[in-house]
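Undergrad: structure for the following, please:
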Amino acid sequence: MFYLEQLQHSGIIWLLLAAAIISAFYHSKLSFAVLSLSLLMAFWLEHISIIGGIIICAGLAVAKLQALTQGILKLVLQTAVVLWMIALAAHLLPGFSNLHVLEQVLTGENSIPFSLYLNLDKPLILFALLLLIPDILKQQALHKPLLNIINKKQFMAIITLTILSVYAIAYGFGLLKFEASVPTWLWVFALNNLIITCVVEEAFFRGFIQTKLSNKLNPVLAIVITSCLFGIAHFAGGLAYVLVATIAGVLYGFTYLYTGRLSAAIAVHFILNIGHLLLFTYPMAK
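TA: Modelled structure (predicted):
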């Protein structure tokens with residue numbers, strides 16, 4: 001079932017949230033102003049409670065405070081923020097009423113039922129990351145040795161072949177079957193998946209974890225470790241799903257390393273996800 005009435009009633013919250021996320025790529029201060037409007041609207045429409053508001057303020061305050069500290073205290077505060085972000089992603093913190101827009105819908109007869117919530121908690125990760133690493137969404141230093149080996153045409157060929165390989169491996173494990181579909185709720189899925197899911201996940205895994213590891217380790221090893229963590233984050237789908245997600249993580253990490261743009265990794269992530277929905281059983285085969 002598609003709960004269109006609920007979306008019409010509370011959709012302004014997520015429109016403002018989407019605007020805040022998009023504006024973060026261009027003007028950080030503006031993004032926080034729009035985020036505040038979104039959260040105030042969410043509080044007014046009872047999608048965030050007082051407890052939720054306290055949790056949001058506390059997490060963002062610690063993320064801001066760590067920038068003013070050094071040494072062990074800075075590490076402790078950053079660790080606290082990372083744990084806060086993980087708890088948000090896992091929906092473990094109270095005070096949030098995420099909007100239920102899809103309930104047990106089917107993309108086709110071979111797909112398992114799928115439900116979708118528009119989250120308020122998970123997107124906050126991006127804004128905490130902006131406080132931890134203010135330039136996280138900006139162009140990063142290009143990996144010149146990689147650029148000398150692979151030209152743009154070869155890069156695009158690698159991306160295309162890897163996406164097809166991810167589908168093929170998932171198909172081989174029985175996770176997917178061919179099942180083309182264009183559901184009526186495609187626009188809701190696409191907007192949510194691009195602006196919330198892909199942006200937040202790429203900012204955390206590639207912009208934060210991979211970048212931090214690359215400062216300490218070989219960039220290739222950083223991609224491997226980050227991709228394994230990305231795969232583990234999808235453990236709910238089973239071991240085969242973890243493996244497929246890990247390979248996809250390598251693809252996103254390679255894209256980020258080659259282009260230096262988080263937006264490029266986000267685009268590849270979204271292309272893979274939307275192709276999954278349109279061409280195969282979603283989220284998995286029966």
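
Undergrad: low pLDDT regions in the stretch 101-250 of the chain?
TA: For the stretch 101-250 of the chain, the stretches flagged by pLDDT under 70 are 141.

Undergrad: who are the packing partners of the helix or strand in which residue 200 is found?
TA: Element membership for residue 200 (DSSP states H and E) is helix 199-202. For helix 199-202, the elements it packs on are helix 124-132, helix 262-279, judged by 3 or more C-beta pairs under 8 Å, 6 or more residues apart in numbering; DSSP states H and E. Placement of C-beta: from N, CA and C, glycine included.

Undergrad: what's the first one in contact with?
TA: Applying C-beta atoms under 8 Å, 6 or more residues apart in numbering, the contact partners of helix 124-132 are 20-21, 24, 28, 31-32, 35, 56, 59-60, 63-64, 66-67, 78, 81, 84-85, 88-89, 136-137, 199-200, 203-204, 207-208.

Undergrad: buried subset of the residues you listed as a ChimeraX selection?
TA: A single ChimeraX command selects the buried members of these (16 or more other C-beta atoms under 10 Å):
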select :20,21,24,28,31,32,35,56,59,60,63,66,78,81,84,85,88,89,136,137,199,200,203,204,207,208
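
Undergrad: which ones among the contacts of helix 124-132 map onto helices?
TA: Using DSSP state H, the members of these that fall within helices are 20-21, 28, 31-32, 35, 56, 59-60, 63-64, 78, 81, 84-85, 88-89, 199-200.

Undergrad: residue nearest the centroid of this structure?
TA: residue 201 (2.4 Å; C-alpha atoms, centre = their mean).

Undergrad: what sits closest to that residue if chain neighbours are left out?
TA: residue 269 (7.0 Å; C-beta to C-beta, 6 or more residues apart in numbering).

Undergrad: likewise for residue 213?
TA: Residue 213 sits nearest to residue 222 (C-beta to C-beta, 6+ apart), 3.7 Å away.

Undergrad: and what of residue 69?
TA: Closest residue to residue 69 apart from its sequence neighbours, by C-beta to C-beta, 6+ apart: residue 77 at 6.2 Å.

Undergrad: could you report the neighbour count for the one you found?
TA: 19 (other C-beta atoms under 10 Å).

Undergrad: could you pull up the contacting residues of it?
TA: Residue 77 touches 62-63, 65-66, 69, counting by C-beta under 8 Å, 6+ apart.

Undergrad: switch to 7 Å and redo it
TA: 62, 65-66, 69 (C-beta atoms under 7 Å, 6 or more residues apart in numbering).

Undergrad: distance of it from residue 132?
TA: 10 Å (C-beta to C-beta, to the nearest Å).

Undergrad: pick the most deeply packed of the helices and strands packed on helix 199-202.
TA: Highest mean neighbour count of the helices and strands packed on helix 199-202: helix 124-132, a mean of 23 (counted as mean count of other C-beta atoms under 10 Å).

Undergrad: tell me the helix or strand right after that helix.
TA: By DSSP H and E, the next helix or strand past helix 124-132 is helix 144-149.
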